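Q: Please work out how this folds:
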Amino acid sequence: MDNNLTSEPKSNGVKKGGARIIVDDDDEDLSPTDLSEMLAEGTKEAHDRAENCQFVKDFLRGRILRELFKRGTTALYFVYSAMEEEIEKNKDHAHIAPIYFPTELHRREALARDLEYFYGEDWENQIRLSAGTKPYVDRIHEVGKEDPVLLVAHSYTRYMGDLSGGQILKKVAQRALKLPRTGEGLNFYQFEGITSHRGFKQLYRSRINELELDMETKQRIVDESNRTFGFNMMVFSELEGIGNTVKEEVQEEGFGHSHAEVNQDDINKCPYYAAKMAATGNPTYALQLAKMFVGHLPCQVALAACVALFAGFTAWYLL
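A: Residues are numbered from 1 along each chain as shown. Below is the predicted model:
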């Protein structure tokens with residue numbers, strides 16, 4: 001794979017629109033001992049557990065309260081403030097410098113804009129580091145000070161997730177919370193310095209794989225990434241508990257399910273999902289399923305045949 005990044009000498013930051021990334025269509029020649037492969041394989045179970053916790057499942061279905069979204073944004077602000085502070089301190093570290101992309105990736109300022117949108121100009125005096133988020137923040141500061149190579153785990157897990165599943169959550173939140181299409185409240189999900197999410201992720205993984213690390217250190221990074229998923233689940237659990245006490249009308253359910261574009265067309269393309277939801281007794285999806293079949297050409301032909309057969313049988317019976 002040939003990756004080219006246009007940048008200033010000795011810097012991964014890019015001016016005027018971010019990185020220009022050229023990526024071959026061929027798959028990367030990866031080895032099971034490459035760190036990106038070890039992270040993907042070694043965190044599968046933790047990723048699945050996080051994705052299937054009740055808070056995330058409700059979020060993906062569009063059942064997200066505005067108050068919980070605000071608190072979740074607050075938690076992210078403290079996490080990214082800690083992570084980017086430690087990355088900045090260690091930007092010249094041999095294992096951090098190759099993945100130092102402040103222009104393209106850093107989220108603290110974007111989250112600050114989102115919090116100002118939700119809380120107003122006095123937002124900094126209204127937010128607090130929650131009990132569920134504090135262990136996560138403390139751990140980031142701990143590794144930044146004592147074992148900076150483990151920042152690779154935190155950076156990879158968070159930023160690659162933001163460039164992947166985060167884009168799904170953005171669409172769900174925008175629809176469920178009726179947020180402006182101009183992006184207010186969703187700056188966190190906007191990576192203005194990146195023109196190709198797929199290309200940048202490939203570049204980032206290649207930088208991860210090029211780090212000079214022994215197998216023991218690679219495994220410690222995988223273990224730390226699993227620990228990071230655990231911290232995220234602590235935040236989710238806290239938000240779920242708050243949601244059980246917050247008195248607020250649940251927003252209208254959005255259409256969406258994991259690892260797919262969240263829009264009306266996806267339901268039309270995914271009869272299994274519509275059928276599964278209809279089977280639960282949800283009238284919205286039952287109607288959607290009916291519309292899907294009526295709008296599908298082979299189903300229209302089958303429906304017409306059934307109607308013709310019924311009409312013929314009725315005519316014969318009446319005669």
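
Q: Give me the buried positions along the helix or strand Met83 falls within.
A: Taking DSSP states H and E as the criterion, Met83 maps to helix 66-89. Going by neighbour count (16 or more other C-beta atoms under 10 Å), the buried part of helix 66-89 is 66, 68-84, 86-87. The C-beta positions use only the backbone N, C-alpha and C, and glycine is treated the same way.

Q: immediately after that helix, which helix or strand?
A: Assigned by DSSP H and E, the successor of helix 66-89 is helix 102-105.

Q: could you say what helices and strands that next one packs with?
A: helix 66-89 (3 or more C-beta pairs under 8 Å, 6 or more residues apart in numbering; DSSP states H and E).

Q: average model confidence for the helix it packs on?
A: Mean pLDDT, helix 66-89: 98.

Q: helices or strands up against it?
A: Using 3+ C-beta pairs under 8 Å, 6+ apart, helix 66-89 sits against helix 102-105, helix 108-119, helix 134-146, helix 151-163, helix 215-243.

Q: again, 10 Å this time
A: helix 54-60, helix 102-105, helix 108-119, helix 134-146, helix 151-163, helix 165-176, helix 215-243 (3 or more C-beta pairs under 10 Å, 6 or more residues apart in numbering; DSSP states H and E).

Q: So which of those is the most surrounded?
A: helix 151-163 (a mean of 22; mean count of other C-beta atoms under 10 Å).

Q: Keeping just the C-alphas, turn that helix into CSV.
A: The C-alpha coordinates for helix 151-163 follow below in CSV (Å, rounded to 0.1, in the frame of the first residue of the first chain):
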residue,chain,number,x,y,z
LEU,A,151,-1.1,6.3,25.1
VAL,A,152,-1.0,4.5,21.8
ALA,A,153,-3.9,2.3,23.1
HIS,A,154,-6.0,5.2,24.2
SER,A,155,-5.4,7.2,21.0
TYR,A,156,-6.0,4.3,18.7
THR,A,157,-9.2,3.1,20.5
ARG,A,158,-10.8,6.6,20.7
TYR,A,159,-9.9,8.2,17.4
MET,A,160,-10.4,5.1,15.2
GLY,A,161,-13.8,4.6,16.9
ASP,A,162,-14.7,8.3,16.3
LEU,A,163,-13.9,7.9,12.6
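
Q: circling back to that earlier point, same list, the helices and strands packed on helix 66-89, but as TSV with mean pLDDT and distance to Leu30 please.
A: Shown next, in TSV, are these (pLDDT from 0 to 100; distance: least, C-beta to C-beta, whole Å):
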stretch	mean pLDDT	distance to Leu30
helix 54-60	92	28
helix 102-105	97	22
helix 108-119	98	31
helix 134-146	98	26
helix 151-163	95	15
helix 165-176	90	21
helix 215-243	97	14
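
Q: can I get the ones you listed in CSV with distance to Asp34?
A: Compiled in CSV, the helices and strands packed on helix 66-89 are given as follows (distance: least, C-beta to C-beta, whole Å):
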stretch, distance to Asp34
helix 54-60, 28
helix 102-105, 21
helix 108-119, 30
helix 134-146, 22
helix 151-163, 12
helix 165-176, 22
helix 215-243, 9
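
Q: For Thr33, find the nearest of the ones you listed.
A: helix 215-243 (7.0 Å; C-beta to C-beta).

Q: Counting by contacts, list what the closest one packs against.
A: Contact partners of helix 215-243 among helices and strands, from 3+ C-beta pairs under 10 Å, 6+ apart: helix 35-42, helix 44-51, helix 54-60, helix 66-89, helix 134-146, helix 151-163.

Q: Nearest approach to Tyr119 belongs to which of these?
A: Of all the helices and strands packed on helix 215-243, helix 66-89 comes closest under C-beta to C-beta, at 7.2 Å.

Q: Gly193 is nearest to which of the helices and strands packed on helix 66-89?
A: With C-beta to C-beta as the criterion, Gly193 lies closest to helix 102-105 of the helices and strands packed on helix 66-89, at 4.1 Å.

Q: Restrict the closest one to CA atoms and write it as PDB.
A: Once non-C-alpha atoms are left out, helix 102-105 reads as follows in PDB (Å, rounded to 0.1, in the frame of the first residue of the first chain):
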ATOM      1  CA  PRO A 102      -3.400  17.400  16.200                       C
ATOM      2  CA  THR A 103      -4.900  19.200  13.200                       C
ATOM      3  CA  GLU A 104      -6.700  16.100  11.900                       C
ATOM      4  CA  LEU A 105      -7.700  14.400  15.100                       C
END
